[in-house]
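Undergrad: When you get a sec, could you give me coordinates for this:
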Amino acid sequence: MKSILRGSLQRKLLAVMLVTTMIALVVALGTMIAYDVHAYDRGWTNDVTAQAELLGRTTAPALEFGDARMANENLALLRFQPKMRAAAIYGPRGEAFATYSAEATAQAPFPRLPESDGAFVDAGDLVVFRRIVANGQILGTVYLRAKYELHDRIWTYSGIAALVAFAAMLIALLVSFRLQRIITDPILAIGSAAREVVEQRDYSRRVVNDSKDEVGALISAFNEMMAEIEQRTRALETSNVEKAREVDERRVAQRQVMQLNEQLEHRVQERTAALEQSNDELVLATAAAHEANRAKSEFLSNMSHELRTPLNAIIGFGQLLSTAQASLMTPERSKEFVQHIVEAGRHLLTLINDILNLAQIEAGKLSVSVEAVALTEVLAECHAMTTAMAAPRDIRLLFPAPDTLRVRADRTRLKQVLLNLLSNAVKYNRDVGSVVIGCEAVGGDFVRISVQDTGIGMRPDQLQSLFQPFNRLGQEAGVQEGTGIGLVLTKRLVELMGGRLAVTSTPGVGSVFSIDLPAAGETMVARERPPVAAEEPAEEPRSDASITLLCVEDNPVSMKLIQEVVAARPDIRLLTARDGRVGVEMARAHVPDVILMDNNMPVMTGREAQQLLAADPKTSFIPIIALSADAMAGSVASGLAAGYFRYLTKPVDFRELDDALESAFALAAARKRVRSEQARAGGDAAS
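TA: Below is the predicted model of the structure:
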């Protein structure tokens, strides 16, 4: 570059022409390459994202029904797109549901967990994550990995651009050698005259002007300049002094502008950091709001189920007592019905009280009166109130000897906590078991009260869900009534009194609950999981019945209610099952006309059982009526969409139940006739 600047005017003009040509070529070709690269990146990203969206829609039904085979078949269609390297479908909890890899021998690059929606480049591949959403619910995530040929495209276009630039520069060089003399000769003459003026101070020197173009105008201007050079030289000296002063002022102003720019950049950085922090806080707040809405919906659904279950028994047996057949019932049977109503009412009252107390604690409206409480007095009262509960099952209650330990707590709430833990220890204990209560000072500032039972204990995964509302850890079908929020309320009350609640458990040995209370006491109470209820034998079918009804229900009282309703129909043969798995086996064995299915059951839910029966040709034609305490609008709609004939909610209305049964019986009879005619037609064709 320095050699060109020091060379002749011809070399400079040649260099200017070549550099200008090169810059024009670089800008044009660079713009073309950049536009093509951008268009390729945008188009390929949109194509892969659209493919992920399409896969999400086609595999949404497979995710809802747990059909991994269908999801894998949908992913296998990607083999017709050679640029797709790998794909996967993840479930709502991040588990891999279905996968596809174009590389048969190599290990496909599948992430362990799905990421949030978006597209990015990883190891030369384009990676896209897209969530699968159906009916406002997130069913899973689609993962796609495709070849990203951007770098190959850049190298290809760069090579083409280099060849074009080389050819254009060669042509420009040849043309410039021909044309530059037209411009350089007059300019060289001006240069020669200028050197003579400088060396000889002869301002009468002129250049011959033979050109009429811009170069000729330049020569004329040079000649006119020579005439005025002396006068302008004097004026220039005067102006130089003034300009020097202006330069100094401009330098001062420039320094001030630079300082202001630095301050402005600093303020922009601070404002940008504050904006980024606000955006992060907004994202966290949005995620927290979504989680709160999900937890609220789940809580309302569980609470509706728990409230409707005892209401079903109360309203159902009340309707039975108010029917015309009530006058024909024996006193013992009427008393049994009333006893079911009373027990369900007590269970409902306990549930409502626990919910109200928990709501008051969560809202910060429940206050406690902390005082010094003697544990001997409170434990004596609890002993007297739990002895009657433990006696029928020969469960021993071992309370500690009287001592002087005292705690700072609300006496009423402490008694409520201890009674809840003791009742759980007795209720979920084994027969001829024991409950051991212990009290001891720990750490000098706390007293620990422990309750240990001899039940079946709990697994570590069950302990993690122990303090979730309405979660009974699989004991929903047990013979013992429960709300599933007693331990949640107990934990909140203990924390409200400044204490801590802890639990340890060993499967097959038992559980220990402990409470640490400040000032002189800490209570630790053990709780046992309820035993699993044994499967009740199905009711012996009547010989004169013409219609077979299979009732799958895990709640004993609800099952008893259905049995009493069907007892008035001598034409119905009733079969019963206590969980979905047994219900599926009985349906396949007996092929009933209609199935009455509870939705929330242990071992296998009603929804899972319905899907198995619908997929089996032997039972797919049987109308299935859902009977569930889950009355949320979304649950009803999804149940009907899944294939239930009707969806009835607890507490059940007998007239609505009769109408649903009659419609199902009519549909079953029609389907039987069609199947019989098809069988006869097939036999005639074979003969």
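Undergrad: Nearest residue to the residue of the chain most remote from its centre in space, please, no chain neighbours.
TA: In the chain, Ser204 marks the outermost C-alpha relative to the chain mean, sitting 91.4 Å out by Cα atoms, centre = their mean. Excluding the flanking residues, the one nearest Ser204 by Cβ to Cβ, 6 or more residues apart in numbering is Met226, at 7.4 Å. Quick note: C-beta positions are derived from backbone N, CA and C, even for glycine.
Undergrad: measure Gly438 to Pro400 for me?
TA: Per Cβ to Cβ, to the nearest Å, Gly438 is found 6 Å from Pro400.
Undergrad: lowest-confidence helix or strand of this protein?
TA: Confidence across the helices and strands of the chain bottoms out at strand 523-524, with a mean of 36, counting by mean pLDDT, DSSP states H and E.
Undergrad: Which elements pack onto whichever helix or strand comes after that strand?
TA: In the C-terminal direction, the helix or strand that comes right after strand 523-524 (DSSP states H and E) is strand 547-552. Under the contact criterion of 3 or more Cβ pairs under 8 Å, 6 or more residues apart in numbering; DSSP states H and E, strand 547-552 touches helix 556-567, strand 572-577, helix 580-590, strand 594-597, helix 654-686.
Undergrad: The same query, at a cut-off of 6 Å, please.
TA: Under the contact definition 3 or more Cβ pairs under 6 Å, 6 or more residues apart in numbering; DSSP states H and E, strand 547-552 sits against strand 572-577, helix 580-590, strand 594-597.
Undergrad: will you turn these into JSON lines that also has mean neighbour count?
TA: Below are the helices and strands packed on strand 547-552 laid out as JSON lines (neighbours: other Cβ atoms under 10 Å):
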{"stretch": "strand 572-577", "mean neighbour count": "22"}
{"stretch": "helix 580-590", "mean neighbour count": "19"}
{"stretch": "strand 594-597", "mean neighbour count": "27"}
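Undergrad: and of the ones you listed, who's closest to Met497?
TA: helix 580-590 (42.4 Å; Cβ to Cβ).
Undergrad: Could you write out the alpha-carbon coordinates of that closest one in CSV?
TA: Only the C-alpha atoms of helix 580-590 are listed here, as CSV (Å, rounded to 0.1, in the frame of the first residue of the first chain):
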residue,chain,number,x,y,z
GLY,A,580,-60.1,-51.2,37.1
ARG,A,581,-57.9,-54.2,36.6
VAL,A,582,-60.4,-56.7,38.0
GLY,A,583,-63.1,-54.9,36.1
VAL,A,584,-61.3,-55.4,32.8
GLU,A,585,-60.8,-59.1,33.6
MET,A,586,-64.5,-59.6,34.6
ALA,A,587,-65.7,-57.8,31.5
ARG,A,588,-63.6,-60.0,29.2
ALA,A,589,-64.8,-63.1,31.1
HIS,A,590,-68.6,-62.3,31.4
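Undergrad: Quick one: classify the residue farthest from the centre of the chain as helix, strand or coil.
TA: Judged by DSSP: H, G, I helix; E, B strand; the rest coil, the three-state class of Ser204 is coil.
Undergrad: And for Ala88?
TA: State at Ala88, reduced to three classes by three-state DSSP: strand.
Undergrad: wait, isn't it in contact with Leu144?
TA: No - using Cβ atoms under 6 Å as the test, Ala88 is too far from Leu144 to be in contact (8.3 Å).
Undergrad: quick one on the thing from earlier: compare the helices and strands packed on strand 547-552 and give me the one nearest Thr412.
TA: Of those, nearest to Thr412 by Cβ to Cβ is helix 580-590, at 42.9 Å.
Undergrad: before we move on, which element is the residue nearest to Ser204 in?
TA: Using DSSP H and E, Met226 falls within helix 214-322.
Undergrad: what packs against that helix?
TA: Helix 214-322 sits against helix 331-362, helix 556-567, with contacts defined as 3+ Cβ pairs under 6 Å, 6+ apart.
Undergrad: Which of these comes out lowest on mean pLDDT?
TA: Comparing mean pLDDT over the helices and strands packed on helix 214-322, the weakest stretch is helix 331-362, at a mean of 71.
Undergrad: Excluding its own residues, what touches the next helix or strand after that helix? List them.
TA: Per DSSP H and E, the first helix or strand lying C-terminal to helix 331-362 is strand 371-374. Strand 371-374 is touched from outside by 406-407, 409, 411, with contacts defined as Cβ atoms under 6 Å, 6 or more residues apart in numbering.
Undergrad: Looking at these, which are in strands?
TA: Counting by DSSP state E, the part of those found in strands is 406-407, 409.
Undergrad: Which one (most neighbours) among those residues?
TA: Ala409 (33 neighbours; other Cβ atoms under 10 Å).
Undergrad: Excluding chain neighbours, give the residue nearest to it in space.
TA: Closest to Ala409 by Cβ to Cβ, 6+ apart is Met497, at 4.7 Å.
Undergrad: try Thr387
TA: Nearest residue to Thr387 in three dimensions, chain neighbours excluded: Leu397, at 6.4 Å (Cβ to Cβ, 6+ apart).
Undergrad: Quick check, that neighbour in contact with Ala390.
TA: Yes - using Cβ under 6 Å, Leu397 is in contact with Ala390, at 5.5 Å.
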